[in-house]
Each structure stands twice: as C-alpha cells, then as structure tokens.
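Engineer: When you get a sec, could you give me coordinates for this:
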Amino acid sequence: MKKSLMLCMILVLALMTACGNSGDGASSGNSASSSADPSQDKDTITVWTYPVHGTYEDELKGLVSAFEAEHPNITVKTEMLSWAEGPQKFDVALNAGSPPDLYFHAVDGTYVNTGLALDISSYMTDEIKNDYLPGTLELAQIGGKQYGLPLYQFEWGWGGNKRILEEAGIDWKSIQENGWTWSEFTEAAAKLTKKLPDGSTQYGLVTDGTSLDFIEMLTRNNGMPDVLDEKGEFQWGDERIKETLSFIRNLLDKGYMPKETAAIAPAKRSDMFYAGQAAVISKAIPYYDVMIKNRNKDIDAGKVTGEKINFVLLPVPHNDDASAKTTMGAEGYIAFKQKNDKGEQHAKNTFTVMEYLSNAKAGNASNELVLPFVRKSQAEMYAGKELGTAETIAASQKMAANIQIPVTLNLDTADAAKMKQFKEQVVKPNIQALYSGEKSPDTIAADFISKAGQMLGQ
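Structural biologist: Residues are numbered from 1 along each chain as shown. Modelled structure (predicted):
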C-alpha cells in the first residue's frame, strides 16, 4: 500500500514536472511566434541605385551602416548599377514581377501602370511632409498618390567653355541672366565654330546621337512640354515640331555641329567638350561645375592630361516666339512591391529605409550636384557649404524659375506607357535619321503624325 502510494506520488510529480516543462516549452513557442512577427524578424530591403555623384557609393554605405545600427531588425542590401545598363536591368526585373524594394529614378507612370509601384501615402507623417520644401513632394506623385521620395531636383541645361565663349565675344553672363533665342544661338554658333591650328574643327555645339535629351529640351523650348501634354493630347504633329527639327538640321548643315553626330556616344560628347573641340555641350547639369573643378585638380596633379576648363552653366535657347523652359523634375527612391507580395510590415520597413536614405544628411547629394534641395532640414544642414561657384548657383536658380513640370506626373498611366514606347520606337530612330541626313524635317514630322495615329490613337 505504502509502496503503491509512493509510486503514485512519484508519477504525479513526474507529470507535474512534464507539465511544467511543457509550459516552458509553450512559453518559448509563444516567444518564437512573437519573434516570427515580421516587425521582430530580420527583414531584408533591397536597394538598386546609381553613382549619383562621385562619392555617392561611399556616402550610401555610411547611411546604410548608420540605419542598420538604429534598426537592428532590418538589413539593407544595396546594388550599384551602371547608368548605361541599369535601366534595362531594372525593366527586366520589373516585367518579371520581382523589382527591388527601392529603385533610384524619377517617378514614372509606366512603373505605376504595372501595379507594382508601392503607394506610400499612408506612411507619410505630417512631420515628414512639412520638412519638404513647397512643390517638391508633388514631383514624386502621380494622381495625387505618393510613390517616391525625392532626393534632389534634377535640372538640365547646356554647358559652355568660358575661354572659348569669351574669345568669341559671347556675353555668357547676359545669357545666364536673360536667356537666348534660337536665332541668337545660331549667330553665336557661327562665331564659336572654326578650324584649329592642328587642322581639327572647333564646333559651336556637340550632342550625342543615342539619347533623346537634346530634342526633348528643344521641343520644351518651343511650346511643347513633351510628345503629349498633361491632358494626353499629341503635341509633336504641327509646325512647332518642324521648326524644332529644322533648327537642328540647320546647325548640322552649317557645320556648327559635327556631321557624324548620329555616331557620337555620350562619353565621346563629353570628351570633345573637355578637349576644347566644342564650345557648348548639349546637356549639362550644374554638377559639371564640381566635376570639372575636380578634373582641373587632377590635371594639376598630373593624373590627367589636357586643358583645364572653366565651366559656364547655360540655359537652353528657346524659339524666338516661345517662352524659355527648363527641364526639371525630381529623382530619388521609388518603392515597389513584388508579384509575390511580402506583406504590410515589409512595406513599412521599405518606407522606413526610403525615408532614411532621403533624410537631412542625404542632402549631400543635392550639395554635391549643385542642385536645389528638396527638404528644409537638408538646406539647413548644408547652408554655407555650397560646392558650386556663385555664378553656377545663381544661374541654376534663375533657370529653375522656368521649370517645366514633367507631364508624366499628370498623365494617365496607360498614356505614359504609350508615350515611352512611341519615343523608343518612333522618335529615337527618326532623330538619328535627322542627324545622318537620311530624313528631312518634313518627312520625320509626317512619320510622327502617322505613327501617333497608330500607337497613340491620335
């Protein structure tokens, strides 16, 4: 009896111990379940970006390191893309339904049209919104929805070699202050084009034959904001496009631009400008001021051979009967989700990373690029630390007063996608044909109208 009682007591104690252990195990299980909450688990956010300025890769590493120290539950995986191949790589990933969480670019209607661009409007606090300078957040919105956070306002202009301009008697200070017309530029180009002692030609203007920047800047300075206007109406089908194409063709026929323009790559365009073979380069951002000053230092140090250049930022000339317009917008990080959606917490983490990579310290990108800041905190942090010359900063601010807001921010996403396709399949080959002399302005304008009917329904 006693032995049986003793056995029963031992059994009860064993069961209690087992239950206690089971309880501990359940508690651990709850803890594990809690850690399985995405807010507690280690989440990885992928970022694809570009060498925004000369030291941006190192700057980004510093921002990511600081972020991960503050947010130990989030890992940020970055990839630095090349400007030449990056866009295509991203398009392939996007079309496959597996874009990175964050991509460095301007907000584009074609991205929104995929259904994978992440609307971050609900994550935007009043504190964040109020830190952005007036009009800047809108540069990353489509249809009133926020898809990105701007890092800086981009600004396209032309660039001049101060020595060559002054030797030809070109009043570049007046041009920076007052702008210039197509007629005035043509007169200047005649003075800037000449044979050099070594038998080569110094051209008034150089552009490349592979991109559409040149034609887009000129059409905007002839009353056409883009192929479509913000209402989605086709613009490149009347006398204005013929005038624009004829202006370019005349510069080529006069010898003010190289006859081989169709074969000139962007790198070659820059090389010609650096070598003094062209007085004006067709696309220049204020950052050229910093780039060329650094190049001059390398020449002094014997790292680079060539003539030192003093850079002049110039506005794009406008048609005599049109208003001056500056191609501007915002570039920064755009948020995406994937076809296999990773959930709400991952989306919140994506936004947290995006906001950090666009914070006050990240304003160094604007400062390096000599571009307008987008956040009050950025402007305050870098006040008095400006890298550009006073002339370039003043010229940039003057040009910014004539901003042309990208029409893609107001277009229906389907129209934006059609316009992008029209540019690649119709505009690009026709512009190359214009440069090579294979097609006349009238023939190209007629082709634009014909293809617009087929592709744009107009």
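
Engineer: I'd like the next helix or strand past the helix or strand harbouring residue 190.
Structural biologist: Using DSSP states H and E, residue 190 sits in helix 182-192. Reading on from helix 182-192 to the C-terminus, the next helix or strand found by DSSP H and E is strand 194-195.

Engineer: Which elements pack onto that following strand?
Structural biologist: With contacts defined as 3 or more C-beta pairs under 8 Å, 6 or more residues apart in numbering; DSSP states H and E, the packing partners of strand 194-195 are strand 201-206. Quick note: C-beta positions are derived from backbone N, CA and C, even for glycine.

Engineer: picking that back up, tilt between the helix holding residue 190 and strand 201-206?
Structural biologist: Inter-element angle recorded for helix 182-192 and strand 201-206: 160 degrees (by axes from the mean of the first three to the mean of the last three C-alpha atoms, to 10 degrees).

Engineer: what comes up buried for helix 182-192?
Structural biologist: Residues of helix 182-192 classed as buried: 182, 184-186, 188-189, 191-192 (neighbour count, 16 or more other C-beta atoms under 10 Å).

Engineer: Would you map out the domains in the chain?
Structural biologist: As assigned by automatic domain parsing, the chain contains the domains 43-155+328-407, 157-315+412-455.

Engineer: Tell me which of those sits nearest to residue 321.
Structural biologist: domain 157-315+412-455 (8.3 Å; C-beta to C-beta).

Engineer: if we can go back for a sec, let's have the buried residues of helix 182-192 in CSV, adding pLDDT and distance to residue 320.
Structural biologist: Output for these, formatted as CSV (pLDDT from 0 to 100; distance: C-beta to C-beta, whole Å):
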residue, pLDDT, distance to residue 320
182, 98, 6
184, 98, 8
185, 98, 10
186, 98, 10
188, 98, 14
189, 98, 15
191, 98, 19
192, 98, 20
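
Engineer: Can I get the residues you listed in JSON lines including distance to residue 160?
Structural biologist: Output for these, formatted as JSON lines (distance: C-beta to C-beta, whole Å):
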{"residue": "182", "distance to residue 160": "16"}
{"residue": "184", "distance to residue 160": "14"}
{"residue": "185", "distance to residue 160": "11"}
{"residue": "186", "distance to residue 160": "15"}
{"residue": "188", "distance to residue 160": "10"}
{"residue": "189", "distance to residue 160": "11"}
{"residue": "191", "distance to residue 160": "12"}
{"residue": "192", "distance to residue 160": "9"}
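
Engineer: Among those residues, which one sits closest to residue 415?
Structural biologist: Nearest member of the buried residues of helix 182-192 to residue 415, counting by C-beta to C-beta, is residue 182, at 29.3 Å.

Engineer: Would you confirm that that closest one contacts residue 244?
Structural biologist: No: look at residue 182 against residue 244 with C-beta atoms under 8 Å: they stay out of range, at 9.0 Å.

Engineer: Next, the angle from the host helix or strand of residue 216 to helix 182-192.
Structural biologist: With secondary structure defined by DSSP H and E, residue 216 is part of helix 213-220. Orientation check (the same axes, to 10 degrees): helix 213-220 against helix 182-192 gives 140 degrees.

Engineer: Show the subsequent helix or strand relative to helix 213-220.
Structural biologist: Criterion used, DSSP H and E; the element after helix 213-220 is helix 239-253.

Engineer: neighbouring contacts of that following helix?
Structural biologist: 182, 186, 189, 204-205, 214-215, 218-219, 222-224, 235, 257, 259, 261, 319, 434-435, 437, 440-442, 444-445, 448 (C-beta atoms under 8 Å, 6 or more residues apart in numbering).

Engineer: For that helix, buried residues please.
Structural biologist: 240-249, 251-252.

Engineer: Farthest-apart pair in those, please.
Structural biologist: Of all pairs in the buried residues of helix 239-253, the most separated under C-beta to C-beta is 240 and 252 at 19.4 Å.

Engineer: List phi and psi for residue 284.
Structural biologist: Main-chain torsions, residue 284, degrees, to the nearest 10: phi -140, psi 140.

Engineer: Going forward, the N-terminal residue is numbered 729.
Structural biologist: That works, and once the first residue is 729, the last one we named lands at residue 1012.

Engineer: Isn't it up against residue 883?
Structural biologist: No: if you go by C-beta under 8 Å, residue 1012 and residue 883 don't touch, sitting 9.8 Å apart.

Engineer: Please enumerate the strands of this protein.
Structural biologist: 771-777, 802-808, 830-833, 869-870, 873-874, 876-883, 885-889, 922-923, 929-934, 1006-1012, 1039-1042, 1054-1063, 1131-1132 (DSSP state E).

Engineer: List of residues touching the second one?
Structural biologist: Contacts to strand 802-808, defined as C-beta under 8 Å, 6+ apart, come from residues 770-779, 785, 788-789, 792, 795-796, 828, 1077, 1080-1081.

Engineer: Return the members of the residues you listed classed as buried.
Structural biologist: 771, 773-778, 788, 792, 795, 828, 1077, 1080-1081.
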